[in-house]
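J.: this is the structure alone, sequence omitted:
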Ligand SMILES: Cc1cc2nc3c(=O)[nH]c(=O)nc-3n(C[C@H](O)[C@H](O)[C@H](O)COP(=O)(O)O)c2cc1C
Ligand SMILES: CCCCCCC(=O)C(=O)O
């Protein structure tokens with residue numbers, strides 16, 4: 001791989017913050033608010049990003065960085081960089097091509113993609129567009145267990161390699177703008193991987209329509225509209241023993257089971273005890289429990305508890321290649337980004353996602369070179385210091 005260039009290509013958009021600003025003008029208010037807001041006072045949303053400022057990089061010099069290799073292994077796949085696209089719901093709100101555009105951009109960039117249960121494109125079509133990079137189906141485990149089982153069967157058949165069970169949504173967080181805007185999925189869109197509810201609002205599916213994915217006669221239980229799907233997804237009954245055991249059995253040998261939304265060492269240890277294959281340290285991008293610890297602050301205790309027994313991923317507030325470097329230096333094996341991809345999609349569909357992925361992966365490569373690291377596996381806490389409120393700098 002040639003040395004990274006310090007000069008990105010689209011001069012109107014040199015940073016993900018530019019992309020955020022440009023994208024804001026490309027979305028209607030309902031979509032912008034739904035994508036960008038956090039829960040309650042958005043304290044955790046803000047801290048997810050600002051917490052990275054507590055860390056600074058200790059660059060090493062004279063190390064021949066003429067060849068930097070940013071590739072990383074994730075879920076038995078060699079990705080072009082240790083940055084994946086986190087599952088985010090309803091991408092067709094941003095652009096008509098929605099998750100298909102995201103998947104196509106991921107395929108081109110060699111970047112792993114997670115698909116939300118609440119995607120607006122079928123998981124089969126997304127897999128076809130994303131190829132090997134479309135590896136993860138995010139799952140909400142519904143009280144109607146057969147509905148989840150059906151989704152898992154489809155994902156296995158389509159070739160997804162992992163399920164990320166979201167565990168930070170036993171109930172829905174309070175999103176004030178969603179409430180204020182009376183957020184609704186517009187009538188031309190549908191939550192594609194569930195057939196429309198018995199309310200009959202959905203389009204009729206032709207037999208063989210890959211968006212359907214259902215056999216004749218299967219019951220349709222996914223209602224339309226955010227209130228109904230939110231309440232459908234929030235499952236307060238979930239618990240470690242019964243539900244993880246059930247999920248592992250459904251996923252069988254073909255698909256790994258990760259839990260997404262772990263924020264403490266105690267739960268990381270339970271994840272290991274119940275045999276999950278990996279965890280994603282996440283607070284749902286600050287959209288659930290406001291006042292929860294920023295994910296980069298939760299990461300060290302989890303890394304310490306896990307002792308490399310299973311992979312530890314992290315998401316939340318990652319907006320620059322240096323954030324990626326810091327998360328890896330703190331012990332994360334892989335990171336995921338959520339909103340920036342939605343901004344790219346809103347800006348220019350696939351091209352916008354291309355831009356988003358290029359910006360952050362170029363920044364990461366540049367950071368590796370300037371820090372004196374040529375391989376992702378060599379990034380360690382030796383490359384970081386922490387600065388406390390009074391400006392005191394300490395080694396980790
Ligand atoms: C608009 C939006 C929709 C989301 N939808 C889902 C979802 O369907 N399932 C899920 O597990 N997480 C969902 N998330 C959370 C993301 O997977 C991820 O944890 C979060 O966006 C990471 O934070 P970031 O946006 O600051 O990068 C969503 C986040 C956003 C912003
Ligand atoms: C019970 C949570 C449902 C949320 C669905 C989409 C999502 O994860 C998000 O908006 O955030």
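T.: Nice, I can see it. Treat the numbers as computed from the prediction; the structure is a model and nothing was measured. Ligands and ions are numbered 1, 2, ... in the order given.

J.: contacts only, for the nearest residue to residue 97 once chain neighbours are set aside.
T.: Excluding its sequence neighbours, the residue lying closest to residue 97 (Cβ to Cβ, 6 or more residues apart in numbering) is residue 349, at 5.1 Å. For every residue, glycine as well, the C-beta is placed using N, CA and C. Applying Cβ atoms under 8 Å, 6 or more residues apart in numbering to residue 349 gives the contacts 95, 96, 97, 101.

J.: where's residue 349 relative to residue 17, distance?
T.: Distance, residue 349 to residue 17, using Cβ to Cβ, to the nearest Å: 20 Å.

J.: for residue 149, same thing?
T.: 42 Å.

J.: higher neighbour count, these two?
T.: Legend: neighbour count by other Cβ atoms under 10 Å for residue 149 and residue 17, higher for residue 149 (16 against 13).

J.: next one: phi and psi at that one?
T.: Torsion angles at residue 149 (phi, psi; degrees, to the nearest 10) stand at phi -60, psi -40.

J.: how many residues are close by the residue nearest to it when sequence neighbours are not counted?
T.: Residue nearest to residue 149 in three dimensions, not counting chain neighbours: residue 250, with 5.7 Å by Cβ to Cβ, 6+ apart. Residue 250: 19 surrounding residues under other Cβ under 10 Å.

J.: so for stretch 181-192, what gets flagged as buried?
T.: Neighbour-count burial for stretch 181-192 flags 181, 183, 185, 189, 190, 191, 192 (criterion: 16 or more other Cβ atoms under 10 Å).

J.: quickly note the distance from the last one to residue 260.
T.: What it means is residue 192. Residue 192 sits 21 Å away from residue 260, going by Cβ to Cβ.

J.: now do residue 30
T.: For residue 30, the distance to residue 260 - Cβ to Cβ - is 26 Å.

J.: again, but for residue 88
T.: 12 Å.

J.: other SSEs contacting the helix or strand harbouring residue 351?
T.: If you go by DSSP states H and E, residue 351 is part of helix 350-371. Helix 350-371 is packed against helix 16-24, strand 83-85, helix 98-109, helix 321-329, helix 339-348, with contacts defined by 3 or more Cβ pairs under 8 Å, 6 or more residues apart in numbering; DSSP states H and E.

J.: which non-adjacent residue is nearest the residue of the stretch 1-150 of the chain found nearest ligand 2?
T.: Nearest residue of the stretch 1-150 of the chain to ligand 2 (Cβ to the nearest ligand atom) works out as residue 89 at 3.7 Å. Closest residue to residue 89 apart from its sequence neighbours, by Cβ to Cβ, 6+ apart: residue 118 at 3.7 Å.

J.: ok, the one you found touching residue 191?
T.: Yes. Residue 118 lies in contact with residue 191 (Cβ atoms under 8 Å); the separation is 5.3 Å.

J.: do you know how far the closest residue to residue 244 other than its chain neighbours is from ligand 2?
T.: Counting by Cβ to Cβ, 6+ apart, residue 274 is the residue found nearest to residue 244 once chain neighbours are left out, at 4.4 Å. Separation of residue 274 from ligand 2 (Cβ to the nearest ligand atom, to the nearest Å): 22 Å.

J.: try residue 337
T.: When distance is defined by Cβ to the nearest ligand atom, residue 337 is 15 Å away from ligand 2.

J.: now do residue 281
T.: Relative to ligand 2, and taking Cβ to the nearest ligand atom, residue 281 is found at 16 Å.

J.: for that residue, grab the count of nearby residues.
T.: 30.

J.: cool, residue 28 as well?
T.: Residue 28 has 12 nearby residues by other Cβ under 10 Å.

J.: wait, isn't residue 35 in contact with residue 94?
T.: Yes. Taking contacts as Cβ under 8 Å, residue 35 lies within contact range of residue 94: 7.3 Å.

J.: what is in contact with these two at once?
T.: What both residue 35 and residue 94 touch, as defined by Cβ under 8 Å, 6+ apart, is the set 27, 342, 346.

J.: distance to residue 236 and neighbour count added to the residues you listed, as a markdown table?
T.: Formatted as a markdown table, those follow (distance: Cβ to Cβ, whole Å; neighbours: other Cβ atoms under 10 Å):
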| residue | distance to residue 236 | neighbour count |
| --- | --- | --- |
| 27 | 32 | 21 |
| 342 | 28 | 32 |
| 346 | 33 | 26 |
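
J.: spell out which helix or strand contains residue 237, please.
T.: Per DSSP H and E, there is no helix or strand for residue 237.
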